[in-house]
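Enquirer: Need coordinates for the following:
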Amino acid sequence: MKLPWRERAEPRPVLAMLVVGSARSWLRLRILEEPRLERWRGVAGTDWMALVGAELPWVEGAEWFGAEEAAPALLLPTLYDPGVHPSLVQQAVLGNKIEGGGPFLVSPLHGIVPLGAALPLCRERL
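Expert: Got it, this is the predicted structure:
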């Protein structure tokens, strides 16, 4: 789903992050340094990883996402709004029956990322 995006006047509070490519390795190393991994939930693919939770670790190249009241099944970029009403974006995403289930990150750079399979982090699965 290709959307136009526009900057927000005020950033959304951060609730999730997405890293792709080499940033995934940096995030993994950063996570392993943390004493309380269980405060975050995560899901990963071949070359990406998404985390959900409070006080997420900073990693260069990460995309940051927050909640949108008009589209509760989506997490949208903290600094950008879609060029159409978020509820219409949500209808389109939910209508596509994306494998993995929601909520969904909607990234201007990487498309739609399902978070339904996100699990609490543990060192054994990293």
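Enquirer: List the residues that contact the residue nearest to P108 when sequence neighbours are not counted.
Expert: If you skip the residues right next to it in sequence, P108 has W5 as its closest partner in space, 4.8 Å away by Cβ to Cβ, 6 or more residues apart in numbering. (Each C-beta comes from the backbone N, C-alpha and C, glycine too.) In this structure, W5 makes contact with 77, 80-83, 108, judged by Cβ atoms under 8 Å, 6 or more residues apart in numbering.
Enquirer: Out of the residues you listed, flag the one nearest to E68.
Expert: For E68, the closest of these turns out to be D81, at 8.3 Å, with distances computed as Cβ to Cβ.
Enquirer: The closest one falls within a strand, correct?
Expert: Yes. Counting by DSSP: H, G, I helix; E, B strand; the rest coil, D81 falls inside a strand.
Enquirer: from what I can see it touches A9, true?
Expert: No. Between D81 and A9 there is no contact under Cβ atoms under 8 Å: 9.4 Å.
Enquirer: more neighbours, those two?
Expert: Set D81 next to A9 and count neighbours by other Cβ atoms under 10 Å: D81 wins out with 19 against 5.
Enquirer: Now do that one, the pLDDT please.
Expert: We have a pLDDT of 96 for D81.
Enquirer: Buried only: go through the contacts of W5 for me.
Expert: Burial by neighbour count, judged by 16 or more other Cβ atoms under 10 Å, picks out 77, 80-82 from those.
Enquirer: Fine, thanks again, bye for now.
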